[in-house]
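A.B. asks: pasting the sequence and the predicted model now:
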Amino acid sequence: MSPKKIVYAYVVGDIVHIGHIRHLQNAKQQGDYLIVGVLTDKATMEKKSVPVVSFAERLEVIRFLKMVDEAIPQTTYSPLGNVQRIRPDILMESDSHPEQPANEFVYSYGGKVIITPYYRPQSSTKIKTKILKTWQSPVLTSTQSVSVTDK
């Protein structure tokens, strides 16, 4: 039996959308075993705002995606720490941040880095912005009242 080809990809996974799914499906197609690093809140905040969904929930959601073989914490925005431990055959990178210190490390042992296009039509930030723009809470004046009746 030939050794498994290990692929490493990483996501914040705050609000999972089609861009995440396509990235991870593409990653899975590159090898036999897909490990996904899920950025902790602290790692995410190195470059982005604090996630809305808790780290524990994000990790669990990613873990349950059918193309994911294993989901692990990624404690820095850069995947270097996990890549040094795992030594994947392939590191999946996004063209939104293609120059990572991990890339050189992967090349140093003969691994491959695949840079995939960032899915620009959708992002967790765009979803959050749309929610804030379209959802409006009712504003009550002091003369209005709210009644709740049981049916």
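C.D. replies: That came in fine, so what should we check first? It should be emphasised that the depicted structure is a prediction, and the values quoted were computed from it without experimental measurement.

A.B. asks: show me where this protein has helices.
C.D. replies: Using DSSP state H, the helices of the chain run over 18-29, 41-44, 55-63, 80-86, 101-108, 124-134.

A.B. asks: closest to Glu70 out of the ones you listed?
C.D. replies: Ranking those by proximity to Glu70 (C-beta to C-beta) places helix 55-63 first, at 7.7 Å. The C-beta positions use only the backbone N, C-alpha and C, and glycine is treated the same way.

A.B. asks: packing partners for the closest one?
C.D. replies: Packing partners of helix 55-63 (3 or more C-beta pairs under 8 Å, 6 or more residues apart in numbering; DSSP states H and E): strand 33-39, strand 70-74.

A.B. asks: just say which of these is most tucked in.
C.D. replies: Mean neighbour count (mean count of other C-beta atoms under 10 Å) peaks for strand 33-39 among the helices and strands packed on helix 55-63, with a mean of 23.

A.B. asks: list the neighbouring strands of it plus their orientation.
C.D. replies: strand 6-11 (parallel), strand 70-74 (parallel) (DSSP bridges).

A.B. asks: Val36 touches Val12, doesn't it?
C.D. replies: No. Val36 lies out of contact with Val12 (C-beta atoms under 8 Å); the separation is 11.1 Å.
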